[in-house]
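Chemist: sharing a model that was predicted from the sequence below.
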There are 2 protein chains.
Amino acid sequence: MTTLLQIDFPFQGPFGDAMTAQLAELAASIAEEPGLIWKIWTENAQEQQAGGIYLFQDPASAQAYLEKHTARLNGLGVTQIRARLFDVNLPLSKDTNAPL
Amino acid sequence: MTTLLQIDFPFQGPFGDAMTAQLAELAASIAEEPGLIWKIWTENAQEQQAGGIYLFQDPASAQAYLEKHTARLNGLGVTQIRARLFDVNLPLSKDTNAPL
């Protein structure tokens, strides 16, 4: 069963184009993570927050990635990370045009 | 610019198929919300949490929906709602295969 991982944390930037430039290499690496289907990168410069919405093939790969990514973020000085793992209700999501 | 709305809250169910049956009518209504591109319905029966990940066409439609949905959830007895509005970093998301 696919698993949705929702992560957000306080973030001082860079945002926008500068974020894209600085994190493109990381994105290429994340694209290769075992079990990852996709990641949407989220950012809010005004509220100094960032994060990601991920879809994984199963709970185990989501959990393994969460542990790896949390350690990486901590290493970058990012703390107060909030993470939630969810099942996706597929029929309701299809009713609301989700790209699943 | 598209806006991602992330919502989650404590939820006592129903989950799974029962959630689908009970909320199908609501889903049909949400699909018609102004500015909504899609919603992914999230649920976690073990941790008694539920929520949604939404993509809207612009910040104004996301904010208007959030106010409407918060009032609806409150009316159903759902409180402790956590909501965050984000921009999407489109280049990084494309790098990680996001369906955008």
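Modeler: In hand now; what should we look at? Numbers count the residues shown, from 1 in each chain, chains lettered A, B, ... in the order given.
Chemist: stretch A:16-36 and chain B in contact?
Modeler: Yes. Using Cβ under 8 Å from any Cβ of the partner chain, stretch A:16-36 reaches chain B at A:16, A:19-20, A:23-24, A:27-28, A:30-31, A:36. C-betas here are computed from N, CA, C, even on glycine.
Chemist: what does that stretch rub up against?
Modeler: With contact meaning Cβ atoms under 8 Å, 6 or more residues apart in numbering or on different chains, stretch A:16-36 is reached by A:13-14, A:39, A:41, A:43, A:45, A:50, A:54-58, A:60-62, A:64-65, A:68, B:87, B:89, B:91-92, B:95-97.
Chemist: so which of these sit within strands?
Modeler: In strands, defined here by DSSP state E, the members of these are A:39, A:41, A:43, A:50, A:54-56, B:87.
Chemist: got a list of contacts for the helix ranked longest in chain A?
Modeler: Determined from DSSP state H, the single longest helix within chain A is helix A:59-75. Applying Cβ under 8 Å, 6+ apart, the contact partners of helix A:59-75 are A:1, A:3-5, A:7, A:9, A:33-36, A:54, A:56, A:79, A:81, A:83, A:85.
Chemist: just flag the most distant two among these.
Modeler: For these, the maximum inter-member distance is 30.7 Å, found between A:Met1 and A:Thr79 (Cβ to Cβ).
Chemist: buried sites along stretch A:68-75?
Modeler: A:69-70, A:73 (16 or more other Cβ atoms under 10 Å in any protein chain shown).
Chemist: please apply the same query to stretch A:88-100.
Modeler: Counting neighbours by 16+ other Cβ under 10 Å, stretch A:88-100 gives A:88-89, A:91-93, A:95-98 as buried.
Chemist: contacting residues for the residue nearest to the spatial centre of chain A?
Modeler: By Cα atoms, centre = their mean, chain A has its centre lying nearest to A:Gly52, at 2.8 Å. By Cβ under 8 Å, 6+ apart, the contact set of A:Gly52 is A:5, A:7, A:39-42.
Chemist: who wins on neighbours among these?
Modeler: Neighbour counts for the contacts of A:Gly52 were taken using other Cβ atoms under 10 Å in any protein chain shown; the highest belongs to A:Trp41, with 28 neighbours.
Chemist: that one contacts B:Asp87, correct?
Modeler: No. Applying Cβ atoms under 8 Å as the test, A:Trp41 and B:Asp87 come out as separate, 9.3 Å apart.
Chemist: what is the mean pLDDT for stretch A:91-100?
Modeler: For stretch A:91-100, mean pLDDT rounds to 97.
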